[in-house]
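Student: 3D model of this:
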Amino acid sequence: QVQLVESGGGSVQSGGSLRLSCSVSGYTYRTHCMGWFRQTPGKEREGVARISGVGTTWYADSVKGRFTISQDNFKITLYLQMNSLKPEDTAMYYCAAQRGPCGGKWSYWGQGTQVTVSS
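Tutor: The predicted structure follows:
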């Protein structure tokens, strides 16, 4: 059974940094696409960043130059390094995975980790 478990959220002041981690288990698709999403109450979940099985990355315009998505060599941990955080980055952050290359359905989701940025 595939499980994604996020960690690393917390409270930080504006301009600070956090690194989110997503531990992956029961997942054997080496060509998979993985990503980070975020959601605030009353708003739709939005994509933040994604990384393909060959390492190609994509970022939302709102986080370009501040956030970096990466994976460990064994692809069992997904990371999101968040620098220069802003109050508008406050949200619940989720990691997600597809069963194949990017462009398909996000089949697996973690439970989320809260990030709060104060001004």
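
Student: Need phi/psi at the residue nearest the centre of the chain.
Tutor: Nearest to the mean C-alpha position of the chain, by CA atoms, centre = their mean, lies Trp36 at 2.4 Å. Backbone geometry at Trp36, expressed as degrees, to the nearest 10, gives phi -120, psi 140.

Student: List the residues that contact it.
Tutor: 20, 22, 47-50, 69, 78, 80, 93-96 (CB atoms under 8 Å, 6 or more residues apart in numbering). Using the backbone N, CA and C atoms, a C-beta is placed for each residue, glycine as well.

Student: Rebuild the residues you listed as CSV, extending it with neighbour count.
Tutor: Output for the contacts of Trp36, formatted as CSV (neighbours: other CB atoms under 10 Å):
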residue, neighbour count
Leu20, 24
Cys22, 25
Gly47, 15
Val48, 24
Ala49, 23
Arg50, 22
Ile69, 22
Leu78, 26
Leu80, 26
Tyr93, 23
Tyr94, 22
Cys95, 29
Ala96, 21
